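**Student:** Take a look and give me a structure for this.
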Amino acid sequence: MKIIKFLLVLALVALVVIQFIRPEKNNGGYETVLAFEKETKPSVKVAAILKETCYDCHSDQTQYPWYAEIAPISFWLDEHIEHGKGHFNVSAWDTYSVKKKDHKLEELIEMVEDGEMPLDSYTWMHDDLSEENKKLILQWAGLARLQYKDKLQVSSK
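**Tutor:** Here you go, the predicted model:
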């Protein structure tokens, strides 16, 4: 019984101590997505959907929920955001090649169509994309891809 009590106290102390260790926030500001939006031209509705459901993990503009201040959740969210940005970061859009931009939009379409985005872990605390919003995202991404396909065809001639 003493060992269990000791382990519980130790766990409590560890939990308190890690509250003082904070991952760096991912708050580059809204201007970090402007190049992406200027080039891909989402409608006002699509831009709102992107901001609401995508930018938290796929840009330098994360809107943190209240529970992001609690460790170990803060570490899990930080890892999740870094992983998401590693796959697709709209804040780095202007550094992508035309081929990579086309490929990233292609992946976005596939992930939304297959129901892989947004992730289940995101939708537990946030709303999932409605069917109407999925349709809007897919239409926008398909249209946005056309400009890159045209550029790729011109450069391959």
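**Student:** List the contacts of the host helix or strand of Trp76.
**Tutor:** Secondary structure here is read from DSSP states H and E; on that basis Trp76 sits in helix 73-87. Outside helix 73-87, the residues that touch it by C-beta atoms under 8 Å, 6 or more residues apart in numbering are 22-24, 26, 56-60, 62, 64, 67-68, 91-92, 107, 121. All C-beta spots, glycine's among them, are computed from the backbone N, C-alpha and C.
**Student:** Buried members of these into ChimeraX, please.
**Tutor:** In ChimeraX, the members of the contacts of helix 73-87 classed as buried (16 or more other C-beta atoms under 10 Å) are selected with the following command:
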select :26,56,57,58,59,60,62,68,91,92
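**Student:** could you give me the average pLDDT of the strand or helix carrying Gln153?
**Tutor:** When secondary structure is defined using DSSP H and E, the element that contains Gln153 is helix 131-156. When pLDDT is averaged over helix 131-156, the result is 87.
**Student:** which helices and strands does it pack with?
**Tutor:** Helix 131-156 is packed against helix 34-40, helix 44-53, helix 98-113, with contacts defined by 3 or more C-beta pairs under 8 Å, 6 or more residues apart in numbering; DSSP states H and E.
**Student:** Just give me the neighbour total for Val90.
**Tutor:** The local packing of Val90 (other C-beta atoms under 10 Å) involves 23 other residues.
**Student:** ok, so what distance separates the closest residue to it other than its chain neighbours from Gly142?
**Tutor:** Distances taken as C-beta to C-beta, 6 or more residues apart in numbering put Phe36 closest to Val90, at 4.1 Å, once the chain neighbours are dropped. Note on Phe36: its distance to Gly142, by C-beta to C-beta, to the nearest Å, is 16 Å.
**Student:** what about the chain, any weak spots by pLDDT?
**Tutor:** The chain contains residues with pLDDT under 70 at 29-30, 123, 125, 154-157.
**Student:** Show me the residue sitting in the middle of it in space.
**Tutor:** For the chain, Cys57 is the residue whose C-alpha lies nearest the centre (C-alpha atoms, centre = their mean; 2.1 Å).
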